[in-house]
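K.L.:
just to be clear, the model below is a prediction. Sequence and coordinates:
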Amino acid sequence: MIVEDNKITATRAILPVSNSKQIPSRFGLRHRAALGITERTNAIAVIVSEETGQVSLAHEEELETFQDENKLAEKMKTLLS
Ligand SMILES: Nc1ncnc2c1ncn2[C@@H]1O[C@H](COP(=O)(O)OP(=O)(O)OP(=O)(O)O)[C@@H](O)[C@H]1O
């Protein structure tokens, strides 16, 4: 889902997949697609793993996993401000 200015502008989007060799092999295409869009645009991407339920945040070329939703919200606010 793509959100722009607090509005959902697309769902089921196919994102460009990152070719980065830095991504740990445990992460598959969902995470690579999230990183890919952040490499090409100023978007941040929130990824919820279907397999583990883990929530991660991709921004620029980084992927960070959060256990605490408040910390995730704080980080998103900082990145979007
Ligand atoms: N280019 C893409 N753009 C958007 N979503 C994609 C893309 N490629 C794959 N996906 C999504 O990722 C799913 C496959 O996830 P995969 O298991 O390979 O990734 P993962 O990073 O290991 O995530 P999970 O932890 O949820 O398994 C696809 O069913 C699809 O929903």
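P.N.:
Now that the structure is in, tell me what you want to look at.

K.L.:
this protein against the ligand: which residues are in contact?
P.N.:
14-15, 17, 27-31, 33, 49-52 (C-beta under 6 Å from any ligand atom). (C-beta placed from N, C-alpha, C; glycine too.)

K.L.:
please repeat the previous calculation with a cut-off of 8 Å.
P.N.:
13-17, 26-34, 36, 47-52, 54 (C-beta under 8 Å from any ligand atom).

K.L.:
since we're on residue 35, how many residues are nearby?
P.N.:
28 (other C-beta atoms under 10 Å).

K.L.:
three-state assignment of it?
P.N.:
helix (DSSP: H, G, I helix; E, B strand; the rest coil).

K.L.:
excluding its backbone neighbours, what's nearest it?
P.N.:
Once flanking residues are discounted, residue 35 sits nearest to residue 18: 4.1 Å by C-beta to C-beta, 6 or more residues apart in numbering.

K.L.:
for the protein, which residue gets nearest to the ligand?
P.N.:
residue 28 (2.7 Å; C-beta to the nearest ligand atom).

K.L.:
filter the residues of the chain next to the ligand down to the ones in helices?
P.N.:
29, 30, 31, 32, 33, 34, 36 (DSSP state H).

K.L.:
what's the closest of these to residue 58?
P.N.:
residue 34 (4.3 Å; C-beta to C-beta).

K.L.:
which residue packs closest to that closest one, ignoring adjacent ones?
P.N.:
residue 45 (3.8 Å).

K.L.:
check what contacts the helix or strand the one you found falls within and list those residues.
P.N.:
Using DSSP states H and E, residue 45 maps to strand 44-48. Outside strand 44-48, the residues that touch it by C-beta atoms under 8 Å, 6 or more residues apart in numbering are 15, 30-31, 34-35, 37-38, 54-59, 63, 72, 76, 79-80.
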